[in-house]
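[1] give me coordinates for this.
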Amino acid sequence: MKELAHLNKYFYKYRWRLVPGIFFVITSNIFGVLPAQVIRLAFDLVNENISVFRLFTGFDRQQLIYQVFTSSLLFFGFLVLVLALLRGLFLFFMRQTIILMSRHIEYDMKNEIYQHYQDLSMSFFRRNNTGDLMNRVTEDVSRVRMYVGPAIMYTINTIVLFILAIVAMVNVNMKLAFFSLLPLPILAITIYYVHNIINHRSERIQEQLSRLSAFVQENFSGIRVIKAYGREKEIRKNFAEETEQYKNTSLALVQVQALFYPAILLLVGISTIVTVYVGGIEVMNGTITPGNIAEFIVYLNLLTFPVMSLGWVTSLVQRAAASQKRINEFLQTKPEIAWTKEEELALEGRVEFKNVSFVYPDTGIKAVDNISFEVKPGEFLAIIGRTGSGKSTIANLLLRMYDTTSGEILIDGKPLKEVNLSSYRSQVGFVPQEVFLFSDTISNNIAFGETETNIEKVEQAAKDAAVYKNIIEFEKGFETMIGERGITLSGGQKQRVSIARALIRNPKVLIFDDCLSAIDTRTEEEILNNLGKNMQGKTTVLIAHRVSTIKNADKILVLDQGKIIEHGNHEDLMEVNGVYKDLYEKQLLEEEQEDIS
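    Prediction:
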């Protein structure tokens with residue numbers, strides 16, 4: 001139960017739902033136990049009045065006795081009905097408090113987990129797949145809700161009912177109560193034995209469900225590649241194997257439960273037989289009445305469902321504990337990126353790297369090796385280099401998606417680790433290498449970073465990104481819905497919408513991470529001309545593969561294997577006759593050949 005102790009704060013928060021719920025549980029069970037005593041009185045009344053009725057055979061008073069007898073039975077029947085209705089009313093109140101409380105807790109938990117996800121750093125999301133993250137916030141939380149709702153409710157209900165029924169049974173006859181309840185210790189031992197099996201198999205089910213969710217999510221995301229390579233048959237086969245494993249793990253749990261419930265029913269049936277046998281002996285001895293046997297049978301029937309639910313509740317608790325353990329693993333993960341300053345940052349745009357090195361924690365790859373450079377406010381810095389040279393890593397470090405392994409990054413002369421990160425990022429426009437668009441309208445995708453905007457700003461940002469003409473050609477224009485991950489648009493259109501999303505914020509710092517790779521040279525020139533106007537007064541960091549994209553930059557860094565091997569402006573680097581000049585001449589030759597062809 002130590003894993004479920006995390007939920008105690010929610011029980012305290014919703015104590016004014018839980019406490020009335022417990023009161024309603026107790027009250028409903030009082031009204032549930034009372035009918036057994038009414039039935040005892042009715043049973044004894046029938047037994048006694050039959051004997052009296054026969055004594056007055058042939059006398060006028062027999063009819064009077066019959067009328068009193070029938071009136072009494074009607075009264076007792078009506079009383080049992082009223083008590084049942086009252087019990088049902090309080091059961092309704094019980095569910096309205098405890099079950100509703102569980103829904104509130106479910107809502108709070110999902111928000112807590114989702115908020116914690118957002119606080120965690122990029123390395124966390126690199127280590128964990130999307131399907132598993134989704135499963136913990138949906139399926140695992142739902143299993144925990146079954147604990148804070150039905151499991152808690154039925155547990156309290158069972159405890160209260162057991163106490164009331166056992167006290168009532170002991171008050172009638174200790175010996176009969178002892179023999180009637182004798183199978184219960186056997187039941188307790190059975191539950192204890194099954195406890196560990198259910199727990200272990202529940203964890204296996206959750207783990208397999210996470211793998212299955214991740215498999216499905218990944219294949220739906222890559223459906224275009226699957227169809228292009230004609231791998232549908234193999235994927236179906238792999239999916240069948242995953243579902244087969246999930247089925248087998250689920251069946252393993254069901255097999256335990258399938259044996260568990262009949263065993264409970266058998267023990268309850270044995271209790272009833274023992275009650276009738278021992279009760280009959282006690283009636284013959286004159287210690288109890290026949291009505292007491294009927295009363296005891298009602299008590300045992302009352303206890304039948306709670307005893308049966310013990311197995312179900314045990315399963316719920318164990319599965320909730322397994323799920324909460326998985327949730328706690330993530331909730332106890334501390335964000336690697338944190339800051340202490342809360343005051344807003346008035347960003348000017350000065351960026352300085354001081355002997356910065358960075359090693360990816362998961363792979364151990366040294367992406368950046370002792371890099372130092374400075375960008376003054378309003379300057380245009382370009383970074384070029386081969387694939388894997390560390391260009392995108394610099395962009396990620398600038399956004400503080402990761403912290404440096406060694407060295408320091410300064411923003412306006414302040415260490416980036418001490419800057420209010422939320423305020424800083426709100427003043428930075430970022431266009432990632434891997435464009436991500438949401439399943440929403442084009443307009444909302446462009447305005448994503450803005451809390452308040454208007455269509456004029458959206459249209460202007462689209463014009464600056466050279467995507468306006470493409471958008472208005474769509475039937476619904478800016479209100480066109482983009483498919484998942486922007487599947488409706490071409491690669492170049494997605495990149496330009498992403499550029500528009502960065503420009504609309506009018507940021508102090510612009511970071512473009514190879515965002516023009518899917519765009520033809522003519523469109524690239526148009527975008528760069530428009531960007532020239534937007535970049536005035538803004539610090540701009542442009543990462544690119546094509547030299548033509550960056551030749552107007554104030555500073556150019558040439559990277560290779562995480563190190564700066566050349567730096568300067570276009571003219572300076574051309575005079576060096578190094579890597580930059582080789583790249584420029586090769587790309588110039590390729591462009592000439594394309595023009596000829």
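
[2] domain map for this protein?
    Following automatic domain parsing, one finds the domains of the chain at 3-331, 349-427+508-597, 435-506.

[3] pLDDT on the second one, on average?
    Yep, that's domain 349-427+508-597 we're talking about. Mean per-residue pLDDT for domain 349-427+508-597: 82.

[4] hmm, back to that, right, so of the domains of the chain, which gets closest to Ile337?
    Across the domains of the chain, Ile337 has its closest neighbour in domain 3-331 (4.5 Å, Cβ to Cβ). Bear in mind the C-beta positions are built from the backbone N, C-alpha and C, glycine included.

[5] what's the end-to-end length of that closest one?
    Terminal residues of domain 3-331 are spaced 12 Å apart (Cα to Cα, to the nearest Å).

[6] starting at the chain centroid, how far to it?
    Remark: domain 3-331 is offset 26 Å from the chain centroid, using Cα atoms, centre = their mean, to the nearest Å.

[7] let me see the mean pLDDT of that domain.
    81.

[8] closest one to Trp339 among the domains of the chain?
    domain 349-427+508-597 (5.0 Å).

[9] and the domains of the chain as CSV, adding distance to Glu343 and mean neighbour count?
    Formatted as CSV, the domains of the chain follow (distance: least, Cβ to Cβ, whole Å; neighbours: other Cβ atoms under 10 Å):
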stretch, distance to Glu343, mean neighbour count
domain 3-331, 20, 17
domain 349-427+508-597, 6, 17
domain 435-506, 20, 18
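
[10] can I assume Leu79 sits in a strand?
    No: under DSSP: H, G, I helix; E, B strand; the rest coil, Leu79 falls outside any strand and is assigned helix.

[11] how close does it sit to Gly88?
    The spacing between Leu79 and Gly88, counted by Cβ to Cβ, to the nearest Å, is 15 Å.

[12] how about Gly483?
    Gly483 is 51 Å from Gly88, by Cβ to Cβ.

[13] what strands line up against the helix or strand harbouring Ile383, and which way round?
    In this assignment (DSSP states H and E), Ile383 forms part of strand 380-385. Here strand 380-385 is paired, per DSSP bridges, with strand 539-544 (parallel), strand 555-560 (parallel).

[14] nearest to Lys9, out of those strands?
    strand 539-544 (43.9 Å).

[15] mind checking how far that closest one is from the chain centre?
    Offset of strand 539-544 from its chain centre (Cα atoms, centre = their mean): 37 Å.

[16] which residues sit against it?
    349-351, 375-384, 391-392, 394-395, 398, 433, 508-514, 516, 531, 549-550, 553 (Cβ atoms under 8 Å, 6 or more residues apart in numbering).

[17] same question for stretch 353-366.
    Counting by Cβ under 8 Å, 6+ apart, 123, 126-127, 367-374, 393-394, 397, 402, 404-410, 562 sit against stretch 353-366.

[18] re the thing from before, of the contacts of strand 539-544, which belong to helices?
    In helices, judged by DSSP state H, the following of these are found: 391-392, 394-395, 398, 531, 549-550.

[19] all helices in the stretch 51-200 of the chain, in order from the N-terminus.
    Along the stretch 51-200 of the chain, the segments classed as helices by DSSP state H, counting those that start in this stretch run 61-119, 122-127, 130-137, 139-146, 152-172, 174-180, 183-221.

[20] dump those helices to TSV, plus distance to Asp464.
    TSV is the format used below for the helices of the stretch 51-200 of the chain (distance: least, Cβ to Cβ, whole Å):
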stretch	distance to Asp464
helix 61-119	29
helix 122-127	28
helix 130-137	33
helix 139-146	43
helix 152-172	57
helix 174-180	84
helix 183-221	30
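
[21] okay then, goodbye and thanks.
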